[in-house]
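Colleague: pasting the sequence and the predicted model now:
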Amino acid sequence: MVTGLGLVDVVVRYPGLSAPAVDRVSVDVAPGEVLALLGPSGCGKSSLLRAVAGLEPLAGGYVTWDGASVADVPVHRRGFGLVFQDGQLFTHRDVLGNVAYGLRGSGADRVTELLELVGLSGYERRPVATLSGGERQRVALARALAPSPRLLLLDEPLSALDRSLRERLAVELRAVLVATGTTAVFVTHDQDEAFAVADRVAVLDAGRLLQVDTPPDLWRRPASREVARFLGYEAFVPVSSAAAAPLRELVPPGSGPVLALAEGAFVVDTVAPVAKGTVLGITSRRGRSEVRVDVPGIGPVTALGPVGARWAAGDVVGLGVDGDAVAALD
Ligand SMILES: Nc1ncnc2c1ncn2[C@@H]1O[C@H](COP(=O)(O)OP(=O)(O)OP(=O)(O)O)[C@@H](O)[C@H]1O
């Protein structure tokens, strides 16, 4: 028997849409596991999450909990908690009133414990209108966790926040889910966020499940170019080509016939270069320079460069390689 959440050939259709929004997706989520649903806008992530919650009818397949279908269990009886992008707090209640909602009795001790967990100790009496965006999402998380849901469903809970806060909260969110042993499904379109939060990541496109794996396995062994591109691999080169010579030894012998190169697979190296490229342009990210270089036989790639790099378009630079940004594809 599958314990925890089971999805079997789940299909979601909308009237007027010729293709299904979710197309026969099957995946399990073990007790205590955090699964991210990752994919581009419109790929069906939210539809799948809503179908699990019971907010969207299934056009096919099953959603199971501990092996039994939940088809006949109404939304509020499933014991699943929900957190949305905008938190959806009750604006006329204070923080305590929001977190205690859904608890029997006053639940004051439980609220104190949860606010501590999400880093908001002492916030009980704050009106939610006075909270920052990040604080609101923490309250939404505490509220959803308060009744100890057997499954927590999170739909892009961080995407309305700015990047640095998003990155910090992603780490905190994982810590809270792990500390509470919560089984969770987390929707995001951001690969970094999925990798930071989840034990396993399910990559979706056009309603179909392309691959589900742990973050390191997904990164090292993307199942297709489609998955690789979505993760940030930007160039593909046959392993047998001359241009792949400096890269070949970076993947295990006998791996697939195509090498995928992520941004940063090449690093500008003026001391012991293994390849050369022609500079196309330079941008900056987090202080480092990112140099677009055209590598013969591979094409344009993004190489990491030193702080304050000043090459001009047309300059030729030496390149080293970083094995963590090279994967073999079948
Ligand atoms: N209520 C609806 N009625 C009709 N079509 C819908 C409805 N909800 C979603 N869709 C369509 O179903 C497809 C999947 O949408 P869904 O919201 O699940 O994608 P998503 O991956 O969550 O996208 P995003 O990241 O932009 O939120 C899209 O083509 C969308 O336009």
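Modeller: Yep, that arrived.

Colleague: and the helices in the stretch 151-300 of the chain, which stretches?
Modeller: Applying DSSP state H, counting those that start in this stretch to the stretch 151-300 of the chain gives helices spanning 163-179, 191-197, 215-220, 225-231, 245-248.

Colleague: out of those, which one sits most buried?
Modeller: helix 191-197 (a mean of 21; mean count of other C-beta atoms under 10 Å). Just so you know, the C-beta spots here come from the backbone N, C-alpha and C atoms, and that holds for glycine as well.

Colleague: in stretch 111-120, which residues are buried?
Modeller: V111, L114, L115, L117, V118, L120 (16 or more other C-beta atoms under 10 Å).

Colleague: and for stretch 41-57?
Modeller: Buried, per 16+ other C-beta under 10 Å, within stretch 41-57: 43-54, 56.

Colleague: and the longest strand seen in the chain, which strands flank it?
Modeller: Assignment by DSSP state E gives strand 275-285 as the longest strand of the chain. Counting by DSSP bridges, the strands paired with strand 275-285 are strand 288-295 (antiparallel), strand 316-321 (antiparallel).

Colleague: any chance of these in TSV, with mean pLDDT and mean neighbour count too?
Modeller: TSV is the format used below for the strands paired with strand 275-285 (pLDDT from 0 to 100; neighbours: other C-beta atoms under 10 Å):
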stretch	mean pLDDT	mean neighbour count
strand 288-295	94	19
strand 316-321	95	18
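
Colleague: and stretch 25-36, how far out from the chain's middle?
Modeller: 13 Å (C-alpha atoms, centre = their mean, to the nearest Å).

Colleague: quick one on the thing from earlier: got the helices of the stretch 151-300 of the chain as TSV, with distance to D66 columns?
Modeller: Putting these into TSV (distance: least, C-beta to C-beta, whole Å) gives the following:
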stretch	distance to D66
helix 163-179	20
helix 191-197	24
helix 215-220	26
helix 225-231	30
helix 245-248	46
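
Colleague: let's have those helices in TSV, adding mean pLDDT and distance to V268.
Modeller: TSV is the format used below for those (pLDDT from 0 to 100; distance: least, C-beta to C-beta, whole Å):
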stretch	mean pLDDT	distance to V268
helix 163-179	91	25
helix 191-197	95	23
helix 215-220	95	23
helix 225-231	94	23
helix 245-248	88	14
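
Colleague: that's all I had, so thanks and see you.
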